[in-house]
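Trainee: model this:
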Amino acid sequence: MAQPQTHQTRLLASRRLADIDELVSKPYPGIELRVQDANVAELCLVLSPPEQKPLHLKIHLGPDYPLSPPTVSIQSSVEHPNIFGSYICASILNDGEAYTPAYTLKGIAIQLLSFFASDSIEQDYGAVINRSDYSKHSQHRFLVDPTAYVCQDCGFGKDNSGAAMSMNAISNALPSAGAIVAAPHTCPIAELSDDMLLEICEKLETEDLLRAASAWEPFRRMLHTITPTRNLRCFTLKKGFKEANLGIGVHAERGSLQSEFDLLSSSAFTKLRVRRSIHGLYFEQWLPLPLSQAHWHRVRGSLLNDSLDNIRRSMTQSSPITRVQVLYTFMNDVVVRLSRAASEGPAEVTRSRVEQKSTLLHASEKAVESYLSLFHLLVCMAHDDPTIVTAARGQLDRFLGGQVDKSAVPNVGHLLISRLLTDIDSGGNAENAEEVTIAIVKEAVTRNVVWMLDAKGAGMAELSYIEPSATSDYRLRKTFDASRTSYQLLMFLNLMRRFVLGTHTKGALTLDSMQQTLFRTHGVPGPGVAAGIAQSIRQIQKVDNFVDFLKAMDVKVLPKKSEFVNFLKKTVTESMERGYSKWALTQERALGLRLIVEPAVERVEGMEPMSFFGQNPSFFPGQAHGRQTGGQRGGRGMGMGMGMGRGRGRR
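Mentor: Reported below is the predicted structural model:
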């Protein structure tokens, strides 16, 4: 008696049958799948590489496919450096290597066809073997006949059926020319609205849609809407957002959140326990995304709240945070990683496990998509819960009113993100927009002081000397250099703010119009947006002074040089007064350090410099000493004044 199927086995069986159906109903040139009705887990695959005889392979789909790779063996005799008897040495067939559940059976077959068609074979140890040279030196090169194998299951090798059936598969996959008919005088389809055309396009298979797009401009326009939508499906179960609840896997580590933003269904996460992304990154949490109005109505409520609560608990924050603060953290972390990717060279990018594999570090396009997905979720939550906007506005008002310390605003980057909600609520034309930006910049510079001075950061202790001169090129240049990464992050955050506020909505900019616009696009950036962001990123990387920094932050009225230098000196004293840092050197000793690097610095009248050697005292409150440097400056620090990142030491 057959055992009843569990939900897990039904999900896996559905995926297996969908993979088989795709390869049978939409064959690929040179590939033919032969299915035995009695056992769909045992398949015959016939590959016909160009200018080669057909090859017979057997595929076994285990009960946990696609969570584990299929077992593929070859029966045809073939000269190949990666074939050992019936075993095929290919990373795509090995769990823990190149295989991922995102591969369909068709995708694997195409990879294998390329594997046998290629003349240059890469090896695990880095070498490349030329297959022609390999065959020339083989002692069996005259005895190999791939079609000599006869399969009793599919008939391969009987009366050359392997070649014939493979050619049939190829011919069936290619379009045939029909009879030539006269062009009609009218075209009724041209009178259809865009909404009706969109409905038609959604019913077409991808191949048919591409043919239609090549034949008629209106269909080509629809590609920009349809193509991203078809990519919005679970990478494991291949179900779209109309069929499944989709979200992303999330990894929480030391208060930060990371994700590859590969769409995964709640069923794949909970029932199949999928815990790795397409690129193999581990995650332990799942977060639903809005994607469409109908999808949002399904995932909001307890499913979303439970997910956010689980993420909150896994972040191990010293102080509790709200659900919306989880999103602020997540959006900030996306920009932090993008900023790191832009500022670090390729050799540095590969230092850690996550940085080595993460697509976010290699593509600004992915970061833009990720940020917009989270922003879409934030807008939907704020639309449903007006208290979120009220809280954001209240914090901003208190910040402008002087409540700027870390107890009121733990993370300045989060303030830039929550500000988006008040910007939208005011129609994108907040009267105090520049005032808010300037206040955020002032607070960021003040929080960066300790990292500028201390040996754990940039180690520029000489800047604790407050020179009496009205201007100082040295202070202007070195204060920016000391925390360049922090200011770069602010520019990235402001760039993303401009990007989302520039989203074209129907009617006035409101939370409702923004939500509806994002529903229509499914939270996917339009064509050309990512390229524009990438260009802006390159411009941000070139910023190396405060004037260009303020321009990038959209400050229209720039302060005079003397005003800004005076502001920078005030941030040093304010940092000490607020307890962000402490006076670790007397002004005489700080002057002694300053004279070493800037001999012409103006001295306070009557002040004599003092030499300083030994252990550098720490500028951090509650710490007595920093590193022992003998008066030399410290290395690169880890602070950015916003809770993550690092400063820059002197070059």
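
Trainee: Which residues belonging to the longest strand along the chain are considered buried?
Mentor: When the chain is parsed with DSSP state E, its longest strand is strand 246-253. By neighbour count on 16 or more other CB atoms under 10 Å, the buried set for strand 246-253 is 246-252. Any C-beta I mention is one placed from the backbone N, CA and C, and that applies to glycine too.

Trainee: Name the nearest residue to Leu595, sequence neighbours excluded.
Mentor: Pro609 (5.6 Å; CB to CB, 6 or more residues apart in numbering).

Trainee: can you give me phi and psi for the one you found?
Mentor: Dihedral pair for Pro609: phi -70, psi 150, per degrees, to the nearest 10.

Trainee: okay, now it: neighbour count?
Mentor: 18 (other CB atoms under 10 Å).

Trainee: Could you tell me how far the longest strand of the chain lies from the centre of the chain?
Mentor: Relative to its chain's centre, strand 246-253 lies at 12 Å (CA atoms, centre = their mean, to the nearest Å).

Trainee: One more: stretch 597-617?
Mentor: 47 Å.

Trainee: Could you pull out the strands in this structure for me?
Mentor: Using DSSP E, strands in the chain cover 31-35, 42-47, 55-60, 71-74, 83-84, 87-88, 120-122, 128-130, 246-253, 256-258, 263-265, 285-288, 615-617, 625-628.

Trainee: The spatially closest residue to Arg498 that is not a sequence neighbour: what's it in contact with?
Mentor: Excluding the flanking residues, the one nearest Arg498 by CB to CB, 6+ apart is Asp554, at 7.5 Å. Asp554 sits next to 433-434, 437, 494, 498 when contact means CB atoms under 8 Å, 6 or more residues apart in numbering.

Trainee: try Ser14
Mentor: Going by CB under 8 Å, 6+ apart, the list of residues near Ser14 reads Leu237.

Trainee: quick one: it from Val368, how far?
Mentor: 33 Å (CB to CB, to the nearest Å).

Trainee: For the closest residue to Leu490 other than its chain neighbours, give its distance to Val409.
Mentor: Leaving aside its sequence neighbours, Leu490 sits nearest to Ala444 (CB to CB, 6+ apart; 6.1 Å). Ala444 sits 10 Å away from Val409, taking CB to CB as the criterion.

Trainee: Around the residue nearest to Ala439 when sequence neighbours are not counted, how many other residues sit close by?
Mentor: With sequence-adjacent residues excluded and distances taken as CB to CB, 6+ apart, Ala439 is closest to Leu400, at 5.9 Å. Look at Leu400: counted by other CB under 10 Å, it has 14 neighbours.

Trainee: next one: the one 5 residues further on
Mentor: Using other CB under 10 Å, Asp405 is surrounded by 14 other residues.

Trainee: Going forward, the N-terminal residue is numbered 39.
Mentor: From this message on, residue numbering opens at 39, which makes the last subject Asp443.

Trainee: What number of residues are in the vicinity of the closest residue to it other than its chain neighbours?
Mentor: Using CB to CB, 6+ apart and skipping residues adjacent in sequence, the residue nearest Asp443 is Arg616, 5.8 Å away. Using other CB under 10 Å, Arg616 has 15 other residues around it.

Trainee: Arg616 contacts Arg485, correct?
Mentor: No. Counting by CB atoms under 8 Å, Arg616 does not reach Arg485; the two are 9.0 Å apart.

Trainee: Helices along the stretch 389-538 of the chain, start to end?
Mentor: Counting by DSSP state H, counting those that start in this stretch, the stretch 389-538 of the chain has helices at residues 391-395, 402-422, 425-438, 450-463, 471-491, 511-520, 522-539.

Trainee: In CSV, list those along with distance to Val642 and mean pLDDT.
Mentor: Formatted as CSV, the helices of the stretch 389-538 of the chain follow (distance: least, CB to CB, whole Å; pLDDT from 0 to 100):
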stretch, distance to Val642, mean pLDDT
helix 391-395, 46, 42
helix 402-422, 47, 91
helix 425-438, 34, 93
helix 450-463, 32, 88
helix 471-491, 18, 94
helix 511-520, 15, 98
helix 522-539, 29, 90
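
Trainee: wait, which of those is closest to Ser129?
Mentor: Ser129 lies closest, by CB to CB, to one member of those: helix 391-395, at 15.0 Å.

Trainee: For the spatially closest residue to Val487 that is not a sequence neighbour, give me its contacts.
Mentor: Distance criterion CB to CB, 6+ apart; nearest residue to Val487, sequence neighbours excluded, is Ser613 at 3.7 Å. Applying CB under 8 Å, 6+ apart, we find Ser613 in contact with 484-485, 487-488, 619.

Trainee: domain parsing for the protein?
Mentor: 45-211, 236-268, 283-356 (automatic domain parsing).

Trainee: Rebuild these as TSV, extending it with distance to Lys516 and mean pLDDT.
Mentor: Shown next, in TSV, are the domains of the chain (distance: least, CB to CB, whole Å; pLDDT from 0 to 100):
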stretch	distance to Lys516	mean pLDDT
domain 45-211	45	81
domain 236-268	46	72
domain 283-356	29	94
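
Trainee: could you dump these to a markdown table with distance to Arg627?
Mentor: Below are the domains of the chain laid out as a markdown table (distance: least, CB to CB, whole Å):
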| stretch | distance to Arg627 |
| --- | --- |
| domain 45-211 | 55 |
| domain 236-268 | 60 |
| domain 283-356 | 35 |
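
Trainee: Point out the most buried one among those domains.
Mentor: domain 283-356 (a mean of 19; mean count of other CB atoms under 10 Å).

Trainee: circling back to that earlier point, will you turn the strands of the chain into TSV that also has distance to Ile58?
Mentor: Shown next, in TSV, are the strands of the chain (distance: least, CB to CB, whole Å):
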stretch	distance to Ile58
strand 69-73	6
strand 80-85	7
strand 93-98	10
strand 109-112	14
strand 121-122	25
strand 125-126	20
strand 158-160	29
strand 166-168	33
strand 284-291	24
strand 294-296	35
strand 301-303	20
strand 323-326	28
strand 653-655	68
strand 663-666	63
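
Trainee: just so I know, which of the ones you listed lies nearest Ser315?
Mentor: strand 284-291 (5.9 Å).

Trainee: Check which helices and strands that closest one is in contact with.
Mentor: In terms of contacts (3 or more CB pairs under 8 Å, 6 or more residues apart in numbering; DSSP states H and E), strand 284-291 is packed against strand 294-296, strand 301-303, helix 304-308, strand 323-326, helix 340-352.

Trainee: Looking at those, spot the one closest to Tyr366.
Mentor: It is, among the helices and strands packed on strand 284-291 and with distance given as CB to CB, strand 294-296, at 10.4 Å.
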